[in-house]
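Participant: just coords:
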């Protein structure tokens, strides 16, 4: 019998924020908070569904082995593969969870698939995008100094409520897992609460980020959001005091309304996530801001440094923080993180000095897992890329989402992002090119003047391809026959 690489006394638990979604030829497992996902075999979904925190890994191993009629050696190998591949989605407990419950009906994942279709192929996008990001309007009541949208985009909008509802209905029928609502300020869009209600009714996850002003003006909105089934919402705030807030947002008399919104949302039993952008303007205030937000009772605080935006955006006019400035801010954030551990989840900005290695890098998800629908109806890889770029590949007023996703224009764009005659020479030599596609195009443009340049944080090119544990086609066929 082969020796296992894991302890039989651990109790794996699927993280609360992780979800499973069944598709024809695979199961999507995803964590929206950290933009993490994977396409997995239904049998791995069964494994994850059994990870309730109440069963030991040994008990799960037994159940999976009996289910698929595997030998002890085959079972151990399979469970080791599943556990290694699933680690980002699991908590490993030393003792059983006394209130453990299985969140998903295991039986729903007993179905046959075409192994050739689900087996990972990053040359092609996923059959159905994981999510769509819907930007119904560029209009905003703030003019944040770090905004990544092109400020000249206003006046070209075609979206209305009926079009947005048509799009989310089409997305739900197609099998899309979540809909992002951003802007501009999404709460200024006429009918935004109706749109949210429709998304929830259709069984998709809405991901909405707001500056809070509209909700703060009418706290009853928070109660309505809870009543229609919304469980969490992201609010943007970058300063602990009115003076700095009004300077950063170029607004007046808005700070108290944002605070009122946070209080109303928490009082309505919504989980409030805070989005804070770190700039030179607020780096010395970030500790005070964390203190304020923890005192208000928010659940989570995410702090990110100001990043590049669309051509013509305010973000591109904002002086970037130096590595030393980021270090100082991170030290402050880490101290607060430790102070409030177990009370509030606090996430510091990413280390800008740490170059990516072959096991830690960030591909552009817009080219194979999601699509951004702009207020004009155009479809782009990313809302940061704006309207007039080479990255527009469809129009929702001319074609369906499915036609756009499977269309020639999108295929040409993906091909261009891996064309060795187009991309950076170092990228053309890298084994990860077809997965990474040069990563964030906006960052590359800002740093190097070329969308397809090597990302400024990339430590490549990399020779060894290490994409994690994958099934071979033979293993997939074996499992398929035994279902």
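Facilitator: Received, thanks. Just so we're clear, the structure is a prediction, and the values are computed from it rather than from any experiment.
Participant: In the protein, which strand is the longest?
Facilitator: The residue-count maximum for a strand in the chain (DSSP state E) belongs to strand 271-278.
Participant: Any idea how far that strand is from the middle of the chain?
Facilitator: Averaging C-alpha positions (C-alpha atoms, centre = their mean, to the nearest Å) puts strand 271-278 14 Å from its chain's average.
Participant: Can you name every helix or strand that it contacts?
Facilitator: In terms of contact count using 3 or more C-beta pairs under 8 Å, 6 or more residues apart in numbering; DSSP states H and E, strand 271-278 is assigned the packing partners strand 232-236, helix 255-267, helix 286-296, strand 300-305. (C-beta placed from N, C-alpha, C; glycine too.)
Participant: pLDDT below threshold where in the chain?
Facilitator: For the chain, the stretches with pLDDT under 70 are 1-8, 33-35, 115-125, 151-155, 351-354, 358-364, 388, 464-483.
Participant: any idea which helix is longest in it?
Facilitator: Looking across the chain with DSSP state H, the single longest helix is helix 323-339.
Participant: who does that one touch, helix- and strand-wise?
Facilitator: Packed next to helix 323-339, using 3+ C-beta pairs under 8 Å, 6+ apart, are helix 286-296, strand 300-305, strand 345-347.
Participant: can we see that at 6 Å?
Facilitator: In terms of contacts (3 or more C-beta pairs under 6 Å, 6 or more residues apart in numbering; DSSP states H and E), helix 323-339 is packed against helix 286-296.
Participant: May I see the buried residues of the helix it packs on?
Facilitator: Neighbour counts over helix 286-296 (16 or more other C-beta atoms under 10 Å) mark 286-290, 292-294, 296 as buried.
Participant: With distance to residue 105 as added columns, please give those in TSV.
Facilitator: What follows is the buried residues of helix 286-296, written out as TSV (distance: C-beta to C-beta, whole Å):
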residue	distance to residue 105
286	44
287	46
288	47
289	43
290	40
292	43
293	38
294	38
296	38
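Participant: Closest to residue 214 out of these?
Facilitator: For these, the residue nearest residue 214 by C-beta to C-beta is residue 296; the value is 18.3 Å.
Participant: Identify all contacting residues around stretch 394-410.
Facilitator: Outside stretch 394-410, the residues that touch it by C-beta atoms under 6 Å, 6 or more residues apart in numbering are 170, 174, 373, 377-379, 393.
Participant: can you put the helices and strands packed on strand 271-278 in TSV and add distance to residue 149?
Facilitator: Output for the helices and strands packed on strand 271-278, formatted as TSV (distance: least, C-beta to C-beta, whole Å):
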stretch	distance to residue 149
strand 232-236	13
helix 255-267	19
helix 286-296	23
strand 300-305	16
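Participant: Among those, which comes closest to residue 86?
Facilitator: Counting by C-beta to C-beta, residue 86 lies closest to strand 300-305 out of the helices and strands packed on strand 271-278; the figure is 22.7 Å.
Participant: any idea of the angle the closest one forms with strand 271-278?
Facilitator: Calculated by axes from the mean of the first three to the mean of the last three C-alpha atoms, to 10 degrees, strand 300-305 forms an angle of 20 degrees with strand 271-278.
Participant: Can you list the strands that strand 300-305 pairs with?
Facilitator: strand 271-278 (parallel), strand 345-347 (parallel) (DSSP bridges).
Participant: Give me the residues contacting that strand.
Facilitator: Strand 300-305 has contacts (C-beta under 6 Å, 6+ apart) with 273-276, 278, 293, 321, 333, 345-349.
Participant: Closest one of these to residue 61?
Facilitator: So of the contacts of strand 300-305, ranked by how close each gets to residue 61 (C-beta to C-beta), first place is residue 345, at 31.3 Å.
Participant: what's the offset of stretch 391-402 from the middle of its chain?
Facilitator: The mean C-alpha position of stretch 391-402 is separated from the chain mean by 22 Å, C-alpha atoms, centre = their mean.
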